[in-house]
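K.L.:
how would this look folded up:
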Amino acid sequence: MTLAARLAPHLPTRLIAAAAGLVYPRFEPELARLGDLCPPGCGTAVDVGGWYGPWTRRLAGHAHQVVTVEPVPHLARLLTSTTPANVRVVQAAASDHPGTARLWLPPGDEGERGVSSLVRRDIHARALDVPCVTLDGLGLRDVDFIKIDVDGSEPAVLRGARGILVRDRPALFIELESRIQPIAPVVDLLAGLGYTGWVLPGRTWLPLDPAALEAHQARTSHVVSQGLLRRVLPFFRGPRYVNSVLFLPDGRSPGAQAVHHRVRHHGTHALRKAPR
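P.N.:
So this is what the prediction gives:
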């Protein structure tokens, strides 16, 4: 367990949330370039896996409305009480069907580490029963951006948002890690819906090469064990571990969102045959 994970249970949750918002752009530099991801005049932005809210709070300054889906009860309560008025918090896990599911957590963790998931891994030891929702079932309109960080259940979240993806063609920012699950199924699913992936390994966005991303993650997997706190310190000189992909509808590129804002595609002409 990292130092930050050991300290978190002993600190006020509001302090942790404030610290996360302050340092997270160093850990995930795409957050500092939100204008490349989230179009100007964004209608609705969705944060799936809100954790302490670093993305939710930044998105609240860019979008008319933010909908944050967070299944861990105390984190959902924190977000409800501390985020701006244009944020709606849904205490549930996003999936491809409504109902109830088991949310798995590591031993001694109450959600602070941000690695809870509906998909059980070897780090998980106990589970909470949580409600499940689909994004399509939330009655959302004018969705321009969706961020997804769910540690393994990304395909289910996307299947449950298919109606939104076809209707609104939002930008998608998805955490993908080959050490948790293969990247290809998510890339193939979204390619079938007319989406192309982009990554930010340095200062320039590059088209996604799934094999190259998996190779990069294999080379830099040791960075993951160093934890968030160490990786955001100014003197940290280790390699960056890239684990997030920006997916845009075909024909769009990062930073060119304004030209395509509010261009909606209704109907099957926006689709290729998606793998099941």
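K.L.:
just for the stretch 101-250 of the chain, where's the confidence low?
P.N.:
By pLDDT under 70, the weakly predicted segments of the stretch 101-250 of the chain are 225-238.
K.L.:
repeat that for 90
P.N.:
Using pLDDT under 90 as the threshold, the predicted model of the stretch 101-250 of the chain has low-confidence ranges 106-117, 119-123, 125, 151-152, 179-182, 202-203, 220-241, 243, 250.
K.L.:
ok, the closest residue to Gly111 other than its chain neighbours - contacts?
P.N.:
Here the nearest residue to Gly111 in space, its sequence neighbours aside, is Val72; by Cβ to Cβ, 6 or more residues apart in numbering that works out to 3.4 Å. Where C-beta positions appear, they are placed from N, C-alpha and C, glycine not excepted. Taking Cβ atoms under 8 Å, 6 or more residues apart in numbering as the criterion, Val72 is in contact with Leu103, Glu110, Gly111, Ser116, Leu128.
K.L.:
Over to the last one. Which of the three states is it?
P.N.:
For Leu128, the reduced secondary structure class is strand; criterion used: DSSP: H, G, I helix; E, B strand; the rest coil.
K.L.:
Let me know whether it touches Arg102 as I believe.
P.N.:
Yes: when contacts are counted by Cβ atoms under 8 Å, Leu128 is listed as touching Arg102 (7.2 Å).
K.L.:
that older thread, and the contacts of Val72, which is closest to Asp209?
P.N.:
Ser116 (29.8 Å; Cβ to Cβ).
K.L.:
So what does the closest residue to the closest one other than its chain neighbours look like in phi/psi?
P.N.:
Ranked by Cβ to Cβ, 6+ apart and with sequence neighbours excluded, the top spatial neighbour of Ser116 is Leu105, at 4.8 Å. Comment: the main-chain dihedrals of Leu105 come out as phi -130, psi 160, following degrees, to the nearest 10.
K.L.:
Bridged to Leu105, which residues?
P.N.:
Per DSSP bridges, the residues bridged to Leu105 are Arg126.
K.L.:
Pull the number of nearby residues for it.
P.N.:
20 (other Cβ atoms under 10 Å).
K.L.:
can you check Thr134 too?
P.N.:
The number of residues packed near Thr134 is 20, by other Cβ under 10 Å.
K.L.:
And for the one 10 residues further on?
P.N.:
Using other Cβ under 10 Å, Asp144 is surrounded by 24 other residues.
K.L.:
Just say helix, strand or coil for it.
P.N.:
Here Asp144 is recorded as strand under three-state DSSP.
K.L.:
and the residue nearest to it when sequence neighbours are not counted, what pLDDT?
P.N.:
In this structure, Asp144 finds its nearest non-sequential neighbour in Cys42, 4.4 Å apart by Cβ to Cβ, 6+ apart. On the pLDDT scale, Cys42 is placed at 95.
K.L.:
ok, Cys42 - contacts?
P.N.:
Taking Cβ under 8 Å, 6+ apart as the definition of contact, the neighbours of Cys42 are Leu59, His62, Ala63, His64, Asp144, Phe145.
K.L.:
could you flag which of those are buried?
P.N.:
For the contacts of Cys42, a burial check counting by 16 or more other Cβ atoms under 10 Å picks out Leu59, His62, Ala63, Asp144, Phe145.
K.L.:
hang on, the third one packs against Phe145?
P.N.:
Yes: applying Cβ under 8 Å, one finds Ala63 in contact with Phe145, separated by 6.9 Å.
K.L.:
Mutual contacts of these two, please.
P.N.:
With Cβ under 8 Å, 6+ apart, Ala63 and Phe145 have common neighbours Cys38, Cys42, Ala45.
K.L.:
For burial, what's the neighbour tally of Pro98?
P.N.:
Around Pro98 there are 12 other residues, counting by other Cβ under 10 Å.
K.L.:
pretty sure it is touching Leu135, no?
P.N.:
No: in terms of Cβ under 8 Å, Pro98 does not count as a neighbour of Leu135; the distance is 11.1 Å.
K.L.:
Mind listing what's buried along the strand or helix carrying Glu214?
P.N.:
Glu214 is located in helix 210-219, with elements delineated by DSSP states H and E. Of the residues in helix 210-219, Pro210, Leu213, Glu214, His216, Gln217 count as buried by neighbour count, 16+ other Cβ under 10 Å.
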